[in-house]
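Chemist: Dropping the sequence and predicted coords here.
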2 protein chains.
Amino acid sequence: MSGKRVSLRESRRQRGSASRAPGILTSISDRRIPTYDLVPEESVELIHENSMQILENQGIEFRDEIALADWRRVGADVKGANVRIDRTLLLDLVSKAPSEYIHHARNPRRSVKIGGRGMAFAPIYGSPYVRDLSGERRYACLEDFRNFVKLAYMVPSLNVSGGTVCEPTDVPVASRHLDMLYAHMTLSDKPFMGGVTSPARAADCVAMCEILFGKEFLEQNTVMTSLTNCNSPLVWDETMLSVIRVYAAANQACLISPFIMQGANTPVTTAGAFAQLNAEALAGIAYAQIIRPGAPVIYGATLSTVSMRTGAPMYGTSETQVLTFLTGQLARKYGVPMRTGGMRNGSKAVDTQAAYESAQTMLPAILAGGNFFLHSAGWLESGLSASYAKFMLDADQLTVLQRLASGVSLTEDDFALDAISEVGAGGHFLGCGHTLAHYETAFYSPQTADLSTYEQWEEEGQRDALQRATDIARNTLNDYSPPPIDEAVDEALQEFIGKRRTEIPDGYE
Amino acid sequence: MSGKRVSLRESRRQRGSASRAPGILTSISDRRIPTYDLVPEESVELIHENSMQILENQGIEFRDEIALADWRRVGADVKGANVRIDRTLLLDLVSKAPSEYIHHARNPRRSVKIGGRGMAFAPIYGSPYVRDLSGERRYACLEDFRNFVKLAYMVPSLNVSGGTVCEPTDVPVASRHLDMLYAHMTLSDKPFMGGVTSPARAADCVAMCEILFGKEFLEQNTVMTSLTNCNSPLVWDETMLSVIRVYAAANQACLISPFIMQGANTPVTTAGAFAQLNAEALAGIAYAQIIRPGAPVIYGATLSTVSMRTGAPMYGTSETQVLTFLTGQLARKYGVPMRTGGMRNGSKAVDTQAAYESAQTMLPAILAGGNFFLHSAGWLESGLSASYAKFMLDADQLTVLQRLASGVSLTEDDFALDAISEVGAGGHFLGCGHTLAHYETAFYSPQTADLSTYEQWEEEGQRDALQRATDIARNTLNDYSPPPIDEAVDEALQEFIGKRRTEIPDGYE
């Protein structure tokens, strides 16, 4: 087994470092268009100043004894759980975070750069329910989890396999993280996210990665990017902090994400909401750097706006769009990768509400300069449900956005003046040589879109996008075959999981 | 009657000029966020250079004897229908076009600024079919036309009543323009668009505006913005040119819009498509300036991408997004207002395809710096159908985008540091004073969105956005009452229409 792991590393070495590997790194995941700056530089500084005042004057709670001791050690002003951090200390710590890192996949061609122009797209995270292929809403199970991993593997526009793509509610909570990580490791060869529900589970994920990638490789490289949330307002709790400790110590990446419900757990005003989330994210990033200077982290937040009418979270609102653009500008100021986006919505049906809110969330995130996009496919019903059909619909739209992000080519051949002259006034370009030379790669026709006439569409049963996408999800699963994995590595993973199952107290926690 | 018209003018004078009037001009229609520049300045110049080469070396056809004589007179190189225009002549003419103008409404508070930071949103244009309140697809009739005018009047996010909001197929083509303009003039007090199907009909529209606004007012002011299309590639036809002549001579505005189906009537490559559309639009704008220097015009195009698989037009593609951003950059280079956007899509159903493609079209248009947004509500099925439900769904999303365009406020009160301190770590903001002071105007809850829990939603019949929007359209029409109009003016309009009906040869043309 150990020999096999050497051979995985060898193969990586032979192909060159992942950052130079061909494939996804140089195609969909490179943003070649400028970022959109919503506010001028002086407004960025004003926002920063307000966040600094929160951290310096009011402070933020770290509800965890180890973290409080860590903060005391580095010179923060700790009183009870309250930690006041002056800007010199804070920014010195934040500056240790890398501006970009490679999230390695076991297939080096699928490693992704996170930060700078790199863009990583991961599917939905954390849904207890699914909308299955029959349209039924039911509790998610491990089979669903495996299906979403398979779909993410098959879909070119997703370059990260994800984390808790849905909650496999039919397996025990205590060992669920093992089942989930094993699915990511074996059913896909794209990068994945680790468990975050306890430090012991995070440690299990690190141990499994040591088996998959080799201990030596893992020490030097990041193979997991995991999700940690701040309990807004201004609370980092023991679970999240201890998970950050496990991953940061192992040089594994964390999303440091305040969970923002604007108006409920932040001020109702956007400036206030952002000043707070910025303070929360920076405090979390700084803490990860205390644990291990240089540990990869991602700055950003989970964004929703709370309806003052019903208390429901809303998505794709102008407020979340503003927060998204500001997140990008501040991430660039601090020199850290940015988490954003997601095909997020509050709809209970795969309908126009779902699509509009998703697009209104995702398109600004692309222009804002996002690096890590969680919930990029499948999200429905405020994240309570993962939808098979929406997964395919979202993946299609992601492709549109990724093509936008790849920019426009302006070579002499692209300007096609000869073709314009050849075709002449009133002609058409469908048969001309220039079109024939380019048409295969020219456009992307979304798979889930209907491009027939009304009459054809009517004759074929008036099927809507939901029905078409459901079929495509079903066919994609039928077409799935797993990427090869070394048998010895697989056996070692199974052995580890088997051992841990006997050690972990059984039953639902 | 004449006295009444004076009184309309008097009332306008008393309230101050329309450009300084309160209301829409200073609310939804002002863009307060920066534009997004996709390409650097040197690329803008490269695109410009390619367009100049098309117009200088290949030329463009003006299939209209009067226009050809006009071009000869100003010194262009005319051979047959082909007109070659050197850049000095072209840019000199284009520079005469105003960078912005006020499109006056009969209610001065509803006049809109077009150009600069002004944004005008008009509904769908030109559909022969409707999807009615029962969901049926059928030919549009005058009653539908009137209904869409009423809906546009009732919906705050539309500040232009529109033009051919659908084709009233139950009234004769020859006098249809009279019925349409009369509906806009009497059922709404928002700005409207004139007829473009023949110069005589355009002249009728000017005559009706003389009645509504007074001849004197009309001579100095723009009260119609009308749609003229270039027949790409590189053909301006007699109908469009003669309509441009009527409107430009009367100081009325025209959209100068190439009708782009990328890959079919342009090169398949985006750079070539844009170079061509830019040449076409500039030639049209220059021609309007020959007719009357300073005549208001809008630069832009109707954009779709043609599927190389089925030949169908596609909307919200990355190619149309790129063309949209480039349109904005070139419009700013030439100092002319920009036409863009629309909630455009190729879907046959009001489904996620419709919504995704619409949002992918409209959001970039807002960031591109658009000034006149045609097809902003109701568009379905490549424009073949106007949908009542989608009209309301689109209007909701427009509001989100208009709020985004209004920017973010960063006052000390907005930063809310006192509230953050008052609520403290782990608290919530729902009841705090700062929230209570702001919550009423804080967020926009889309009317068509469902914000209940899944259980409530299920109990209430699992209604999707289409069903909800249909109800809202029905209720909005029930709530409609017309804005007041001077009886004498109304009588004069009816008298004019009656007279013209007897003069115009009857029957369908």
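Modeler: It's in. Numbering: from 1, shown residues only, chains lettered A, B, ... in the order given.
Chemist: longest single strand anywhere in chain A?
Modeler: Ranked by residue count, the top strand of chain A under DSSP state E comes out as strand A:253-262.
Chemist: What is that one packed up against?
Modeler: Contact analysis of strand A:253-262 by 3 or more CB pairs under 8 Å, 6 or more residues apart in numbering or on different chains; DSSP states H and E lists strand A:225-230, helix A:238-249, helix A:270-291, strand A:297-300, strand A:302-306, helix A:318-334 as its packing neighbours. Glycine gets a C-beta too; all of them are placed from N, C-alpha and C.
Chemist: what's the closest of the ones you listed to residue A:480?
Modeler: Between residue A:480 and the helices and strands packed on strand A:253-262, the shortest gap by CB to CB is with strand A:225-230, which sits at 24.0 Å.
Chemist: hang on, residue A:142 packs against residue A:165?
Modeler: No. At 11.0 Å, residue A:142 does not count as touching residue A:165 under the criterion of CB atoms under 8 Å.
Chemist: So those two - more neighbours on which side?
Modeler: A count of neighbours by other CB atoms under 10 Å in any protein chain shown puts residue A:165 above the other of residue A:142 and residue A:165, at 32 against 17.
Chemist: And that one, how far from residue A:387?
Modeler: Note on residue A:165: its distance to residue A:387, by CB to CB, to the nearest Å, is 12 Å.
Chemist: Equivalent analysis for residue A:369, please.
Modeler: 28 Å.
Chemist: ok, those two, which is more surrounded?
Modeler: Counted by other CB under 10 Å, residue A:369 and residue A:387 do not tie: residue A:387 has more neighbours, with 30 against 26.
Chemist: need the contact list for the more buried one.
Modeler: Contacts for residue A:387 (CB atoms under 8 Å, 6 or more residues apart in numbering or on different chains) come out as A:130-131, A:350, A:378-380.
Chemist: Give the bridge partners for it, please.
Modeler: The residues paired with residue A:387 through beta bridges, assigned by DSSP bridges, are residue A:131.
Chemist: Give me the pLDDT for the residue most central in space within chain A.
Modeler: Centrality entry for chain A: nearest residue to the mean C-alpha point is residue A:374, 2.8 Å, by CA atoms, centre = their mean. Among the per-residue scores, residue A:374 shows a pLDDT of 98.
Chemist: Please apply the same query to residue A:10.
Modeler: pLDDT, residue A:10: 43.
Chemist: do the same with residue A:176
Modeler: Residue A:176 carries a pLDDT score of 97 in this model.
Chemist: from memory residue A:281 sits against residue A:258, does it?
Modeler: Yes. When contacts are counted by CB under 8 Å, residue A:281 is listed as touching residue A:258 (5.7 Å).
Chemist: give me the beta-bridge partners of the residue lying closest to residue A:184 once chain neighbours are set aside?
Modeler: Setting aside the residues directly before and after it, residue A:184 is nearest to residue A:192 in space (CB to CB, 6 or more residues apart in numbering or on different chains), at 3.8 Å. Counting by DSSP bridges, residue A:192 forms beta bridges with residue A:162, residue A:224.
Chemist: what about residue A:32, neighbour count?
Modeler: Other residues near residue A:32 come to 11 when the count uses other CB under 10 Å.
Chemist: same deal with residue A:135?
Modeler: Burial of residue A:135 is recorded as 14 neighbouring residues (other CB under 10 Å).
Chemist: That one against residue A:470, yeah?
Modeler: Yes. Applying CB under 8 Å, one finds residue A:135 in contact with residue A:470, separated by 7.3 Å.
Chemist: shared neighbours of these two, anything?
Modeler: By CB under 8 Å, 6+ apart, the residues touching both residue A:135 and residue A:470 are residue A:389.
Chemist: so who does residue A:53 touch?
Modeler: Residue A:53 makes contacts with residue B:417, as judged by CB under 8 Å, 6+ apart.
Chemist: which stretch of helix or strand covers it?
Modeler: Assigned by DSSP states H and E, residue A:53 belongs to helix A:41-53.
Chemist: which parts of the next helix or strand after that helix are buried?
Modeler: Scanning the chain past helix A:41-53 towards its C-terminal end, the next helix or strand to appear is strand A:60-63 (assignment: DSSP H and E). Buried residues in strand A:60-63, counted by 16 or more other CB atoms under 10 Å in any protein chain shown: A:60-63.
Chemist: repeat for stretch A:449-469
Modeler: A:449-451, A:453-454, A:457, A:464-469.
Chemist: contact partners of it?
Modeler: Applying CB under 8 Å, 6+ apart, the contact partners of stretch A:449-469 are A:350-351, A:389-393, A:396, A:445, A:448, B:137, B:307, B:309-310, B:312, B:314, B:346-349, B:351-353, B:357, B:381, B:384.
Chemist: Restricted to strands, list these.
Modeler: In this view, these that belong to strands under DSSP E are B:137, B:314.
Chemist: buried subset of the contacts of stretch A:449-469?
Modeler: With neighbours counted by 16+ other CB under 10 Å, these contain buried members at A:350-351, A:389-393, A:396, A:445, A:448, B:137, B:307, B:312, B:314, B:346-349, B:351-353, B:357, B:381, B:384.
Chemist: in the sheet, who's paired with the closest residue to chain B within the stretch 51-200 of chain A?
Modeler: Here the stretch 51-200 of chain A gets closest to chain B at one residue, residue A:61, 4.1 Å apart by CB to the nearest CB. When assigned by DSSP bridges, residue A:61 has beta-bridge partners residue A:82, residue A:235.
Chemist: so what's it up against?
Modeler: The neighbourhood of residue A:61, defined by CB under 8 Å, 6+ apart, consists of A:81-83, A:234-236, B:425-426.
Chemist: Emit the ChimeraX select command for whichever of those are buried.
Modeler: Selecting only the buried entries of the contacts of residue A:61 in ChimeraX, with 16+ other CB under 10 Å as the criterion:
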select /A:81,82,83,234,235,236 /B:425
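Chemist: Would you format the contacts of residue A:61 as a markdown table with distance to residue A:97 and pLDDT included?
Modeler: What follows is those, written out as a markdown table (distance: CB to CB, whole Å; pLDDT from 0 to 100):
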| residue | distance to residue A:97 | pLDDT |
| --- | --- | --- |
| A:81 | 24 | 98 |
| A:82 | 24 | 98 |
| A:83 | 18 | 98 |
| A:234 | 20 | 98 |
| A:235 | 21 | 98 |
| A:236 | 16 | 98 |
| B:425 | 24 | 98 |
| B:426 | 26 | 97 |
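Chemist: Pull the most distant pair out of the contacts of residue A:61.
Modeler: Farthest-apart pair in the contacts of residue A:61 is A:83 and B:426; separation 13.9 Å (CB to CB).
Chemist: sorry, back to before: could you name every residue contacting both of residue A:165 and residue A:387?
Modeler: The overlap between the contact sets of residue A:165 and residue A:387 (CB under 8 Å, 6+ apart) consists of residue A:378.
Chemist: which parts of the stretch 1-150 of chain A sit against chain B?
Modeler: Residues of the stretch 1-150 of chain A that fall close to chain B, judged by CB under 8 Å from any CB of the partner chain: A:33-34, A:36-39, A:43, A:46-47, A:50, A:53-54, A:57-58, A:60-61, A:81-82, A:137.
Chemist: Mind doing that once more with 10 Å?
Modeler: The interface of the stretch 1-150 of chain A toward chain B, taken as CB under 10 Å from any CB of the partner chain, is made up of A:33-40, A:42-43, A:46-47, A:49-51, A:53-54, A:57-63, A:81-82, A:129, A:137.
Chemist: ok now stretch A:424-435, how far from the chain's centre?
Modeler: 42 Å (CA atoms, centre = their mean, to the nearest Å).
Chemist: Show me the domain layout of chain A.
Modeler: Recorded structural domains for chain A (assignment: automatic domain parsing) are A:1-407+A:475-509, A:412-442.
Chemist: deepest of those, which one?
Modeler: For the domains of chain A, the largest average neighbour count (mean count of other CB atoms under 10 Å in any protein chain shown) is found in domain A:1-407+A:475-509, namely a mean of 22.
Chemist: In the stretch 401-509 of chain A, mark out all the helices, start to finish.
Modeler: A:412-415, A:417-423, A:433-442, A:454-459, A:465-479, A:487-503 (DSSP state H, counting those that start in this stretch).
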